[in-house]
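Asks: Quick check, what structure comes out for this input:
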Amino acid sequence: MSADVVVYRTPYCPYCVRAAMLLQRKGVAFREVDVSNDPEARERLLQQTGQRTVPQIFINGASVGGYDDIALLDRRGALDPLLREAPTR
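Replies: Numbers count the residues shown, from 1 in each chain. Below is the predicted model:
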């Protein structure tokens with residue numbers, strides 16, 4: 001699996017922990033960005049996703065939502081293909 005995965009999170013968010021655990025179980029390398037003390041990052045997320053909540057997960061630069069969203073993608077068999085796609089740069 002070779003997608004570029006970024007998880008915007010806070011350390012005290014249980015859904016952030018679940019998202020990280022799901023991605024780890026998939027064997028996915030991902031970067032975590034702690035936005036707990038970064039109002040500018042939170043504002044960028046709001047502009048990009050329309051959401052203030054975390055986690056916000058991006059695969060190859062595209063927002064795929066939060067934990068519930070990637071868990072649903074996984075149950076439907078749609079997460080693995082996304083995670084295998086190489087980033088286009």
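Asks: Now do the phi/psi pair for the closest residue to residue 32 other than its chain neighbours.
Replies: Excluding its sequence neighbours, the residue lying closest to residue 32 (Cβ to Cβ, 6 or more residues apart in numbering) is residue 7, at 5.1 Å. (Glycine included, C-beta is placed from N, CA and C.) Main-chain dihedrals, residue 7, degrees, to the nearest 10: phi -120, psi 120.
Asks: Tell me who's in contact with residue 7.
Replies: 16, 19-20, 23, 30-33, 55-58 (Cβ atoms under 8 Å, 6 or more residues apart in numbering).
Asks: Return the set of residues that bridge with it.
Replies: Taking DSSP bridges, one finds residue 32, residue 57 as the beta-bridge partners of residue 7.
Asks: could you check the distance from it over to residue 15?
Replies: Distance, residue 7 to residue 15, using Cβ to Cβ, to the nearest Å: 11 Å.
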